[in-house]
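# requesting a structural model of the entry that follows:
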Amino acid sequence: MTPRSPISGAAPAARIRLTEVSGSAPRAAGTTMLVNAEAAEGTIGGGQLEYMAIEEARAMLAAGEDRREMNVPLGPEIGQCCGGRVKIVLDRLDEAGLRAERQAGRQAQDDWPQVLIFGAGHVGRALSAALLPLPVQARLIDTRAAEIALAPRGVEVQLTSLPEAEVRSAGPGTAYVILTHDHSLDFLIAAEALERGDAAYVGMIGSETKRASFAGFCRREAPGADPARLTSPIGAGGTRDKRPEVIAALVAAELLTALLTQPAEAVSVPSRA
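Below is the predicted model of the structure:
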């Protein structure tokens, strides 16, 4: 198995890029990965196709070549049954090229959708950890320093006395997941998010009873908020399992369904290192 350790900047590397895709294929055109003699970052879909591309890229590097192309049918002849065809371009990268590729990956991350998680309790921390490897920019927000201090490593956090202000300053298309320790605060944040009218997702932890109470709150306090657009309970995927990690996995799936509306992705290889 090819190690997925970071590519060293000291050695030549190759960029593997899907340039054309027809029929069924594991990834979309534009998808890239990086390879050198010892390691690889990212994926063009795995399987025999990826194995062949990695071997071809390493052969290109060993031969001192700058570019190769592949045209691969995804059929029985290579041990796959997708039925499509892909064209691949392999480019040699020096240190400057590798830095530029990583910079492009970081810029692509800047366009990933925003997710604001309100509440750094057990579920909030589990959700922030579940979202770390996914193509979203998540931030864990709480009023309690002690809970923020328990956030998983790598998670972006924010300690604030006015979490509802983060809703007001968020960009359009942001997703809001509300799981604080205080029902009244949950209601205030959810109403703020719904009143904006441009949220990709507004979800609040709780029960059907809590949802009904929130609808009453909106009628009294926030008539501009439409409770019908609220997802609550969140992560209602047909399981009664209440473990934070299970709820987090179900909510992560809800979020991706709401946020990633394109039929196919073409994400380059941005490293989180």
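# which stretches of this structure have low pLDDT?
Low-confidence segments of the chain, defined by pLDDT under 70, span residues 1-6, 8-10, 75-83, 238, 262-273.
# show me the helices in it, by range?
47-62, 95-110, 122-131, 145-148, 163-169, 183-196, 208-221, 244-259 (DSSP state H).
# for the spatially closest residue to A57 that is not a sequence neighbour, list each beta-bridge partner.
Once flanking residues are discounted, A57 sits nearest to A14: 3.9 Å by Cβ to Cβ, 6 or more residues apart in numbering. Every C-beta, even on glycine, is put in place using the N, C-alpha and C of the backbone. Beta-bridge pairing for A14 (DSSP bridges): V35, R92.
# then the one 4 residues further on?
Beta-bridge pairing of L18 under DSSP bridges involves I88.
# near it, how many other residues are there?
Neighbours of L18 under the rule other Cβ atoms under 10 Å: 25.
# so it makes contact with G84?
No - here L18 lies out of contact with G84, judged by Cβ atoms under 8 Å, at a distance of 10.9 Å.
# residue contacts, G97?
Contact analysis of G97 by Cβ atoms under 8 Å, 6 or more residues apart in numbering lists A13, R15, D91.
# for the residue nearest to A57, give me its contacts.
Contacts of A14 by Cβ under 8 Å, 6+ apart are L34, V35, N36, A57, R58, M60, L61, L90, D91, R92, L93.
# before we move on, what about Q114?
V136, Q137, A138, R139, A170, G171, G173, T174, A175.
# T257: how many residues sit nearby?
10.
# and it, how far is that from A190?
19 Å (Cβ to Cβ, to the nearest Å).
# hang on, the earlier thing: need the overlap of contacts for L18 and G84.
What both L18 and G84 touch, as defined by Cβ under 8 Å, 6+ apart, is the set A25.
# on that earlier part again, nearest to C218 among the contacts of A14?
Within the contacts of A14, proximity to C218 (Cβ to Cβ) peaks at L34, which comes in at 49.0 Å.
# that closest one reaches T43, doesn't it?
No - counting by Cβ under 8 Å, L34 does not reach T43; the two are 10.6 Å apart.
# which of the two has more neighbours?
Between L34 and T43, counted using other Cβ under 10 Å, L34 has the larger neighbour count: 23 against 17.
# OK, contacts around that one?
Taking Cβ under 8 Å, 6+ apart, one finds I7, A13, A14, R15, I16, A40, E41, G42, L93, L98, E101, V269 in contact with L34.
# mind redoing it with 7 Å?
I7, A13, R15, A40, E41, G42, E101, V269 (Cβ atoms under 7 Å, 6 or more residues apart in numbering).
# next one: the second one from V72, what distance?
If you measure A13 against V72 using Cβ to Cβ, the figure is 21 Å.
# so the two - more neighbours on which side?
Ranked by neighbour count (other Cβ under 10 Å), A13 and V72 place A13 first, with 25 against 20.
# show the contacting residues for that one.
A13 neighbours (Cβ under 7 Å, 6+ apart): I7, L34, V35, N36, L93, L98.
# among the residues you listed, which pair sits farthest apart?
Top of the distance list for the contacts of A13 (Cβ to Cβ): V35 and L98, 11.1 Å.
# out of the two, which sits in the more crowded spot?
Under the neighbour definition other Cβ under 10 Å, V35 and L98 were set side by side, and V35 has more, 26 against 21.
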